[in-house]
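S.K.: structure here, sequence nowhere to be found:
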C-alpha cells in the first residue's frame, strides 16, 4: 500500500472513529487488525475513547436486563443467568437491583443436606410411631433409612431425658 492509499485509509478510519464506530468495528469493515486501526488513530493524533466512561461499568442494555430478570424470576440462579447471558454474576445482581427485584436466599448445595435434617421434630415422629407406623415406613416417607430414624429418635430421647 503506497502513502496516498494509506493516508486515505487513515482519514477514513478517523472519520469512522469520530463518527462513533469502535476500533473493532472499523477493523472488521476494512479487513485489518484492531492494532492497525489504533496505530492509524495515534498517528493522526486522535484521542481514544475509553471502553467504559471514566473507568466505570458499562450500563446493561434494557433488553438484556429484561432477559436476566425473566430468567431469574423463572427460577434460575444468579450464576445460571450469568452463564446463559455471558455476563458476570455481579452484573446480573446489578440488573435485578435496578429492576427492583430482590435476590433469593442461597439454598444448600445439592447433596449437602444431612438426611437427618429432612426429619421433622422428634415429638412428631413419636406420634407417628404411636399411630402404628414402623420405623421403615417413617424413613421411606422422609427419604431416610430405618436406622437413621431409629438413631434420630434415640439421640433425641437421650437429650430429652438428660
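M.R.: Arrived safely. Predicted model, so just to flag it, every value in this text is computed and none were measured. Numbers count the residues shown, from 1 in each chain.
S.K.: relative to residue 67, how far out is residue 147?
M.R.: Counting by CB to CB, to the nearest Å, the gap from residue 147 to residue 67 is 48 Å. To be clear about C-beta, it is placed using only N, CA and C from the backbone, and glycine gets the same treatment.
S.K.: name the nearest residue to residue 10, ignoring sequence neighbours.
M.R.: Closest residue in space to residue 10, ignoring its immediate chain neighbours: residue 40 at 4.4 Å, by CB to CB, 6 or more residues apart in numbering.
S.K.: could you do residue 89 as well?
M.R.: Counting by CB to CB, 6+ apart, residue 89 lies nearest to residue 82, which is 4.1 Å off, once chain neighbours are set aside.
S.K.: the one you found: which element?
M.R.: Here residue 82 is covered by helix 78-85, with elements defined by DSSP states H and E.
S.K.: what's the answer for residue 16, then?
M.R.: Assigned by DSSP H and E, residue 16 belongs to helix 3-18.
S.K.: same question for residue 66.
M.R.: Assigned by DSSP H and E, residue 66 belongs to helix 62-73.
S.K.: gap between that helix and the chain center?
M.R.: Chain-centre distance of helix 62-73: 12 Å, with CA atoms, centre = their mean, to the nearest Å.
S.K.: helices or strands up against it?
M.R.: Secondary-structure packing of helix 62-73 (3 or more CB pairs under 8 Å, 6 or more residues apart in numbering; DSSP states H and E): helix 78-85, helix 89-98.
S.K.: looking at those, which is closest to residue 46?
M.R.: Nearest to residue 46, of all the helices and strands packed on helix 62-73, is helix 89-98, at 30.3 Å by CB to CB.
S.K.: in the helix or strand just after that closest one, what's buried?
M.R.: Later in the chain than helix 89-98, the nearest helix or strand by DSSP H and E is helix 122-130. Buried residues in helix 122-130, counted by 16 or more other CB atoms under 10 Å: 122, 125, 128.
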